[in-house]
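1. 3D model of this:
(chains A and B)
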Amino acid sequence: MAHARISANLPPNIDPTKAPIAFGRRALPKLNEELQSPELLTQQRALMALCDLVHDPEKVYQAVELGFLDNLKTLLRHHDSTIRQKTTEVLYIMAMHSVGRQGLIQNGVISALAELLDDPVDICRKNTHQTFEMMAKLPEGAVDILHAGLIPSLVLKLKTEPDEIQELILDTLSNCLRVEASEALANGAVTVLKEKLTHPSVAIRSKAAWVLLEIGTHPEGKNAICEEVTPVLVSLLEDADPEVQASATGALMFATVKPQGRFSALGAGAIPPLLKLVAEETSKARLSAIKTLTMLAEVPEGRKTLLGHTDTFQQCLNDPSEAVKRAAQIAIRVIQWKP
Amino acid sequence: EKEPVRYANLMYDRRVVRGNTYALQVIPACTHDNPLEIQRQRETRRRALARKRTKEQEQSRTPEPVEGREHVHVQTELYLEEISDWIIGVDTECQTDAFLDRPPTPLFIPAKTGKDVATQIEEGELFDFDIEVKPILEVLVGKTVEQALLEVMEEEELARLWAHQCAYAELRNAELAEVQRLEEQDRRYREEKERRKRQHKELLQKQKETTEKIAARAFAKRYLADLIPSVFNNLHESGFFYDPIERDIETEFLPWLMTEVEETLERKVLGRTMLDSLIRTVVEKRLDAFSSQPPFDQTEAPAEEPKPTDAEPQVAIETDADDQPVTVEKETDKLVAEAQRPRRISFMLHDSDQAETEDLETE
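-> Presented below is the predicted three-dimensional model:
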């Protein structure tokens, strides 16, 4: 019978680990069939080829239409680690496109991925978390993750995983908690995040502060933050990295909305570092610092202290950003308000 | 796979219809599925045929031979042939030799014909590599650079989008914080207002109460100002304030005095009644005594005197309604008892006093 290969020597630039791709529109259906074959090698080669194809958005759309995701879901539970790794990679690349994300949500892939959180192989877990992070950027994706009840397990994982995976988890958490924070609070997320605030890695600190910020947007979150975390956040205000400063200021901004938060922040001596941040012209944290100082100015002691520093706010009025100008005006008004 | 095909000669296949099909009988449909039945039918048909044939043979078509003669089948052709079923056959075999491998075809070198001509391309005659390669190189380099630029632009766009998103997130957070702060402020102001209002209301309430209290107090004071004198007056009038000695005198002494007076008076009355009764008895006795004796006018005259006097104490006695019958009875009893005492009025009086006292004691 005739073979597609003409000569016994393979062409020089073919990758033997990938399945040969059929031409044009036939490529993905053929790969779909190969994925379902009982032979391990065929499946692996098909997955490798799929990984390459999926970078193209049109192929992603076609794959979703063809129902690839059901096959991939079954493959997630395969006993071979290479297959799992490649499947998670394919899902991650698909999640990078909007069409892919929609497809993932519609086919309920998130709950299937949840089983892989405990996978022994590092790369699988990393890809899984990357997929979650991508999905969480979409509002429906974040809601999906919440519905799948992944928050408790993610908070648990935060304690055990290596650093880079922790960053991914923190990103996912920050996007999900923007929607709803009660589950995370019930699982003691605040304690875990407090530890992370003193982590040696810069990225983890700033991300943890960002997650605390998102928790603080909810009322019950504010209560949780006010008690324990405010002093740590105040100490982070003097951190060397501007990212960390920005996130910490943001988290403080929300923590000081409630009166007890304001008192604990004042008690921890938050005003001097915040003033420094406001004085810097190009600080990312400027807006948040102005807002935090506005909150603190509502308390009588804060107002007294800040009455002496109104010139800093006057400087802010010359900032090019519209929002900063407005915030500075509001701050000045609040400071000079007499009951 | 299929079972090995049973080879059958078409000529000897029973299923093939032989002969004339114009008058072919149609096979009856599903009459005999049982192969036994079919075989039995075939057997009967064969027997019928055999019987028919033997019958035919028996019925000879030519007349019978005459006596002494026999019918013999004779061949009348030119060449006689022996009629027999069995054809003389001889078996012969033939066998080819085993195939030898086909020897390789000998190299066919056609005879050389024509002329030999040679040509050679020198360097630089076809094309100049450097000049020719430029466009190709340009295309190659251009495409690569374009691809690289596209990728860099994509990355930059992504970075810018990311920065935009961060800025937006910051703004959003700032606005959200502002909203919450204003909410908080509003809540605090409202609470403060409520508290102040409540305080003020309480204050007003208290003030009102105090003014009412003061007014009530003043009014009550005024009302009660002359209460005490009037009360005292009333009490005084109703006799709550009393001089104890006066009271004592009034409550004890005077009744005692009155009772004593009553007693004395009663005694006097008793004495009078006793006197009357005595007089009456005396008069009666005298009457009795004098009834035997005719002149009783003296007795009547004194009898008349005591009668009005008798009437007075009787009137006086009648005023003492309750005690009268008892006292009279007792007095008559006493009179009977004391009839034997001396009849002196002073003694009578004394006795009547005693009787009265005794009466009083018994009463």
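2. for the rest of this, base every contact and every neighbour count on C-alpha atoms.
-> OK.
3. what's the spacing between the residue of the stretch 251-363 of chain B found nearest chain A and A:Glu133?
-> Nearest residue of the stretch 251-363 of chain B to chain A, counting by CA to the nearest CA: B:Thr251, 81.3 Å away. Distance of B:Thr251 to A:Glu133, given as CA to CA, to the nearest Å: 113 Å.
4. neighbour count for the two, which is higher?
-> A:Glu133 (26 against 12; other CA atoms under 10 Å in any protein chain shown).
5. against A:Gln36, how distant is the more buried one?
-> Distance check for A:Glu133 against A:Gln36: by CA to CA, it reads 28 Å.
6. could you do A:Ile290 as well?
-> 59 Å.
7. circling back to that earlier point, per-residue pLDDT of the residue of the stretch 251-363 of chain B closest to chain A, please?
-> At B:Thr251, the pLDDT value in this model is 80.
8. where in the chain is pLDDT low?
-> All of this is about chain A. A:1-12, A:281-283, A:339 (pLDDT under 70).
9. oops, wrong one, chain B.
-> B:1-5, B:23-33, B:60-61, B:124, B:241-242, B:293-363.
10. which helix runs longest in it?
-> Identified as the longest helix of chain B according to DSSP state H is helix B:129-225.
11. near chain A at all, it?
-> Yes - under the criterion of CA under 8 Å from any CA of the partner chain, helix B:129-225 makes contact with chain A via B:170-171, B:173-174, B:176-178, B:180-181, B:184.
12. output the contacting helices and strands for that helix.
-> helix A:242-255, helix A:286-296 (3 or more CA pairs under 8 Å, 6 or more residues apart in numbering or on different chains; DSSP states H and E).
13. quick one: list the elements packing against the host helix or strand of B:Arg286.
-> Per DSSP states H and E, B:Arg286 falls inside helix B:254-292. Packing partners of helix B:254-292 (3+ CA pairs under 8 Å, 6+ apart): helix B:297-304, helix B:306-319, helix B:323-338, helix B:345-362.
14. what's the closest non-adjacent residue to the residue in the stretch 201-339 of chain A that chain B sits nearest to?
-> Closest to chain B within the stretch 201-339 of chain A is A:Val257: 5.4 Å, counting by CA to the nearest CA. Among residues not flanking A:Val257 along the chain, B:Arg181 sits closest, at 5.4 Å (CA to CA, 6 or more residues apart in numbering or on different chains).
15. against A:Gly261, how distant is that neighbour?
-> Noted for B:Arg181: a distance of 12 Å to A:Gly261, by CA to CA.
16. name the residue in these two with the higher neighbour count.
-> Neighbour count, other CA under 10 Å: between B:Arg181 and A:Gly261, A:Gly261 has more, with 26 against 22.
17. mind listing what the more buried one touches?
-> Applying CA atoms under 8 Å, 6 or more residues apart in numbering or on different chains, we find A:Gly261 in contact with A:222-223, A:225-227, A:230, A:255.
18. quick one, strands of the stretch 51-200 of chain A?
-> Read by DSSP state E, counting those that start in this stretch, the stretch 51-200 of chain A holds no strands at all.
19. return the nearest residue of it with respect to chain B.
-> Closest point on the stretch 51-200 of chain A to chain B, by CA to the nearest CA, is A:Arg178, at 10.6 Å.
20. phi, psi for that residue please.
-> phi -60, psi -30 (degrees, to the nearest 10).
21. so what's the residue count around it?
-> Neighbourhood size, A:Arg178 [other CA under 10 Å]: 18.
22. name the element the nearest residue in space to it that is not next to it in sequence belongs to?
-> Distances taken as CA to CA, 6+ apart put A:Glu214 closest to A:Arg178, at 5.2 Å, once the chain neighbours are dropped. Assigned by DSSP H and E, A:Glu214 belongs to helix A:202-216.
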